[in-house]
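Enquirer: sequence and predicted structure, then a few things I'm wondering about:
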Amino acid sequence: MPTKMNAFVMLGIKKVGFLEKPIPQDPGPNGAIIKTRCALVCTSDTHTVEGAIGERHGITLGHEAVGVVYKLGSEVKGYKEGDRVAVNAITPCYRCENCLRGCSSQCHQMLGGWKFANIKDGVFAEYFHVNDAEANLAPIPATVKDSSAVYCCDMISTGFSAAENAAVPIGGSVAIFGEGPVGLMATAGAKLLGAGLIIGIETIPKRQELARHFGADIVIDYRKEDPVEAIHRLTDGFGVDGAIEALGAQETFSACIKATRPGGVISNVGYHGKGDFISIPRLDWGVGMSDQTIRTSLCPGGKERMKRLLRLIDTGRVDPTPMTTHTFAFQELGHAFDLMKTKYEGIIKPLITFS
Ligand SMILES: [Zn+2]
Ligand SMILES: [Zn+2]
């Protein structure tokens, strides 16, 4: 039996590399150990390495992966070793006060559901540990491939939560600022939820093309025209019912406020990685009385949601795989990581496969 494995870790701020670690052997009574089959690199992994959450010396990176159950805790029911499972990026305990209030991504404390590559080793390793496995392992339907299922771990859950939070009425209008992978899945989610007009804001040609593929009726290139003006023109001067911030920048956040009609919703899923404050354009916010709502979310997790997301793939409602622009073996993760950081070669999502 092998006892060591390779893990791709944060060696320090702006430093990554492989490290040999022991294969986790003890799942604990409520946990599980998963043998990784495939993973996706996320822009937020690169934020972590840039220092967005401080030093995480030696922590295994990654939070989007599927695999097979290698070991199960004695108290975990409903699974067996060898089962193929998807694990959401967010793994709440489902017992604490915040979880019981329905804010499971804020498990115990703000953002506390985010454990992988934050407070425990992540998934860029040949094996990884999952806490509270009974609630956090989602069985993958036999007809759904690993390379599709892995998108439920973050991109689909986060993107769809952005669309759900935007609360666009059937036939209503929505704008998605930033058609990266989360924005693209917000676009697909808005279409599934019945939006009547979907406007994407994006300048990169490959992303514009995918935005149309996933449901955008119109894509505005912000380098060519002012998106807020264009949105007002396209909505008879009212603004959209919902605006989705899927980038994490002051400029797009402000544009969301300006582009949303009174009474509409600004749905933020962008990771605001810089600065001490995010400011709100005062007049466009009706000097604080516009009946606009700002909502936020962090990748809702848990088996029940994951089962619903996997069902959408199983029934063909959504196919996330056009976002896989690159595929690398685990040993090549360093290269994938560099590409994700620089966004070279038109990269959207690099899929990492494990032998
Ligand atoms: Zn992610
Ligand atoms: Zn909790």
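Expert: Right, received. Where do you want to start? Ligands and ions are numbered 1, 2, ... in the order given.

Enquirer: which residues sit in contact with I23?
Expert: By Cβ atoms under 8 Å, 6 or more residues apart in numbering, the contact set of I23 is P2, T3, K4, M5, I33, E126, Y127. Using the backbone N, CA and C atoms, a C-beta is placed for each residue, glycine as well.

Enquirer: most widely separated two among those residues?
Expert: K4 and I33 (14.5 Å; Cβ to Cβ).

Enquirer: those two: who's more crowded?
Expert: With neighbours defined as other Cβ atoms under 10 Å, K4 and I33 compare such that I33 has more, 22 against 10.

Enquirer: can I assume that one is in contact with P24?
Expert: Yes: the pair I33 and P24 qualifies as a contact (Cβ atoms under 8 Å) at a distance of 5.2 Å.

Enquirer: where's the dip in pLDDT among the contacts of I23?
Expert: Taking the contacts of I23 together, the minimum pLDDT is found at P2 (88).

Enquirer: count of residues packed around that one?
Expert: A count of neighbours around P2, defined by other Cβ under 10 Å, yields 8.

Enquirer: for the residue of the stretch 101-250 of the chain found nearest ligand 2, what are its contacts?
Expert: Relative to ligand 2, the nearest point of the stretch 101-250 of the chain is C107 (3.2 Å; Cβ to the ion). Residues near C107 by Cβ under 8 Å, 6+ apart: I90, P92, C93, Y94, C96, N98, C99, G113.

Enquirer: what touches both of I33 and P24?
Expert: Residues touching both I33 and P24 by Cβ under 8 Å, 6+ apart: Y127, F128, H129.

Enquirer: wasn't G242 part of a strand?
Expert: Yes: checked against DSSP: H, G, I helix; E, B strand; the rest coil, G242 lies within a strand.

Enquirer: got the buried residues for stretch 48-57?
Expert: By 16 or more other Cβ atoms under 10 Å, the buried positions in stretch 48-57 come out as T48, V49, R56.

Enquirer: ok, now stretch 222-231?
Expert: Y222, P227, V228, A230, I231.

Enquirer: redo those as CSV? Include secondary structure and distance to E304.
Expert: Below are the buried residues of stretch 222-231 laid out as CSV (DSSP: H, G, I helix; E, B strand; the rest coil; distance: Cβ to Cβ, whole Å):
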residue, secondary structure, distance to E304
Y222, coil, 37
P227, helix, 36
V228, helix, 38
A230, helix, 39
I231, helix, 35
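
Enquirer: if we can go back for a sec, mind checking which of the contacts of I23 land in strands?
Expert: Judged by DSSP state E, these include K4, M5, I33, Y127 as members of strands.

Enquirer: quick check: the second one touching Q25?
Expert: No: at 11.0 Å, M5 and Q25 do not qualify as touching, with contact defined as Cβ under 8 Å.

Enquirer: more neighbours, those two?
Expert: Neighbour totals were compared for M5 and Q25, and M5 leads with 18 against 12 (other Cβ under 10 Å).

Enquirer: so that one bridges to which residues?
Expert: On the basis of DSSP bridges, M5 is bridged to K21.

Enquirer: check contacts around the residue nearest to N6 when sequence neighbours are not counted.
Expert: Residue nearest to N6 in three dimensions, not counting chain neighbours: F18, with 5.3 Å by Cβ to Cβ, 6 or more residues apart in numbering. By Cβ under 8 Å, 6+ apart, F18 lies in contact with N6, A7, F8, V9, L333, G334.

Enquirer: tell me the contacts of the closest residue to Q109 other than its chain neighbours?
Expert: In space, and not counting its chain neighbours, Q109 is closest to N98: 7.5 Å by Cβ to Cβ, 6+ apart. N98 makes contact with S104, Q106, C107, H108, Q109, G112 under the criterion Cβ under 8 Å, 6+ apart.

Enquirer: which of these sit farthest apart?
Expert: For these, and using Cβ to Cβ, no pair is farther apart than S104 and Q109, which are 12.3 Å apart.

Enquirer: more crowded one of the two?
Expert: Between S104 and Q109, counted using other Cβ under 10 Å, S104 has the larger neighbour count: 24 against 9.

Enquirer: hang on, that one packs against K303?
Expert: No: judged on Cβ under 8 Å, S104 makes no contact with K303 at a distance of 11.4 Å.

Enquirer: ranges for the helices of the stretch 151-300 of the chain?
Expert: 155-166, 181-192, 205-214, 227-234, 250-259 (DSSP state H, counting those that start in this stretch).

Enquirer: deepest of those, which one?
Expert: helix 181-192 (a mean of 28; mean count of other Cβ atoms under 10 Å).
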